[in-house]
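> With the input below, show me the fold.
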Amino acid sequence: MSPDSAAVLLADPAGAFLGSGFHLGAGLLVSCAHVVHGHPDLTAAARPGAAAHPVRGVRLFPPGPVPGAAAYPRPDLALLTAPGLADAPAVPLAEHDPAGGAAVLVHGFAVNPVTGEVGPESARLTVAGPSGLGLRVQLGWIQPGLSGSMALDGHGRVVGVVKATADGGDPVGGWLTPLSELLPLLPPTAAPAAPRAAVTAGGVARLLAEPAPLQDPAVRLELVQAVNERLGPGEEVRVAYHALAALHLRALAACCLQHRRPERALRALLAGARELCGPHRALDELAALLGLEAED
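Below is the predicted model of the structure:
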C-alpha cells in the first residue's frame, strides 16, 4: 500500500478545505495546530469526495498562537481523533529526524493552481538543517494546503510534519516540524517500538563471522564493496583491513553504526552479507537484532 494513502483532508462541517493531516492508525491523526485552531468542529476524509468523518477529539500543542506573532509557536502540532478512519491506511514513524541533505517526500492535499480544485498534492524537498521555525527544507514547492501533511523518508516513514512554505508562489521550500518534536506528544502505542536489544559493533561482528564465506579476506573485501555500492557516492564507509576476520568485521560494523545514516548502512551490510553468503541462521538473527525481518 502506498504511503500517500494515509494522507487525510481536513475541512469544516460546511466542507471548506482547511489543510492536510495523516493517519497513524486506530483513528489517530496528526496535523498542524495552526491548521485547525479556531475550528471546534472538523471533519476528516481520505480524499476529496470521500466520506467526511467527524473529528471527535482535538489536542493542540501549544493550545493557541502568541498574539501578534508572525507564526504559530513550536511545535505547532495537533493530535486529532477520528474513529471513522480507524481502519483506514496508516503510515509508520521513523526513529529519528532526517539528516541535513536528506530528501523527504511530502504527501497531502492542496488547491491546484490550474484547476482551483482541492486534490492530492506531493513535493520532494531537501533538508537544509535547523531553523527557528523547525527544520528548513529547500529545492521544492510547498503549496498552500500542504501544512500538516507528512514528510517521509526513503522508506516511507514519517520524519516530520510540514509547517509552512517560504513562498506560496516559488519553489523555495519552507519548514518542517521534526519528528523529534512529535514523538513525545504521542500515546505510547503510537510511538516506534524500542529496540529489542542494544546493537553493538561486537554483536553485529559476531553474527557476521558465523557464515563460513566471511572468514575469507577476499569475501570480506567484497562485502565492504557491496555495502558502499548500496550506500552510493558520498555515503561510503572506510574500513581498515584486518587479516583476522573478527577484527575486520568489527571495524566494518563500527563504521556502519557511526555512519551519518546508521540504519541505512546496517541495512546495506545485511543485504550485502546475504548476497555473498546466501541463507544463514546467523544472518536471520542479525536481521532480528536490527529489526529488519519484515523488510529484508
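
> For the chain, which segments are assigned as strands?
Taking DSSP state E, the strands of the chain run over residues 7-11, 17-25, 28-31, 43-45, 53-54, 57-61, 77-81, 103-111, 118-131, 134-138, 150-152, 158-165, 174-178.

> was I right about Gly160 contacting Gly174?
No - contact criterion C-beta atoms under 8 Å: Gly160 and Gly174 do not qualify, at 11.3 Å. Bear in mind the C-beta positions are built from the backbone N, C-alpha and C, glycine included.

> Quick check: pLDDT value at the nearest residue to Pro187 once chain neighbours are set aside.
Computed as C-beta to C-beta, 6 or more residues apart in numbering, the closest residue to Pro187 that is not its neighbour in sequence is Leu28, at 7.5 Å. The model reports Leu28 with a pLDDT of 96.

> One more: the one 3 residues further on?
At Ser31, the model reports a pLDDT of 98.

> OK, contacts around it?
Counting by C-beta atoms under 8 Å, 6 or more residues apart in numbering, Ser31 touches Leu10, Gly19, Ser20, Gly21, Phe22, Leu77, Ala78, Leu80, Ser147, Gly148, Val161.

> and if you look at Pro217?
Pro217 neighbours (C-beta under 8 Å, 6+ apart): Tyr241, Ala243, Ala245, His248.

> cool, Val224 as well?
By C-beta under 8 Å, 6+ apart, Val224 lies in contact with Val237, Val239, Leu252.

> if we can go back for a sec, the strands of the chain into JSON lines, with extra columns for distance to Leu185?
As requested, those are exported to JSON lines (distance: least, C-beta to C-beta, whole Å):
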{"stretch": "strand 7-11", "distance to Leu185": "18"}
{"stretch": "strand 17-25", "distance to Leu185": "11"}
{"stretch": "strand 28-31", "distance to Leu185": "9"}
{"stretch": "strand 43-45", "distance to Leu185": "18"}
{"stretch": "strand 53-54", "distance to Leu185": "22"}
{"stretch": "strand 57-61", "distance to Leu185": "6"}
{"stretch": "strand 77-81", "distance to Leu185": "6"}
{"stretch": "strand 103-111", "distance to Leu185": "19"}
{"stretch": "strand 118-131", "distance to Leu185": "19"}
{"stretch": "strand 134-138", "distance to Leu185": "14"}
{"stretch": "strand 150-152", "distance to Leu185": "15"}
{"stretch": "strand 158-165", "distance to Leu185": "11"}
{"stretch": "strand 174-178", "distance to Leu185": "10"}
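
> Buried deepest among those, which one?
Ranked by mean neighbour count, the strands of the chain are led by strand 150-152 with a mean of 28 (mean count of other C-beta atoms under 10 Å).

> Each with direction, which strands does it pair with?
When pairs are called by DSSP bridges, strand 150-152 turns out to pair with strand 103-111 (antiparallel), strand 158-165 (antiparallel).
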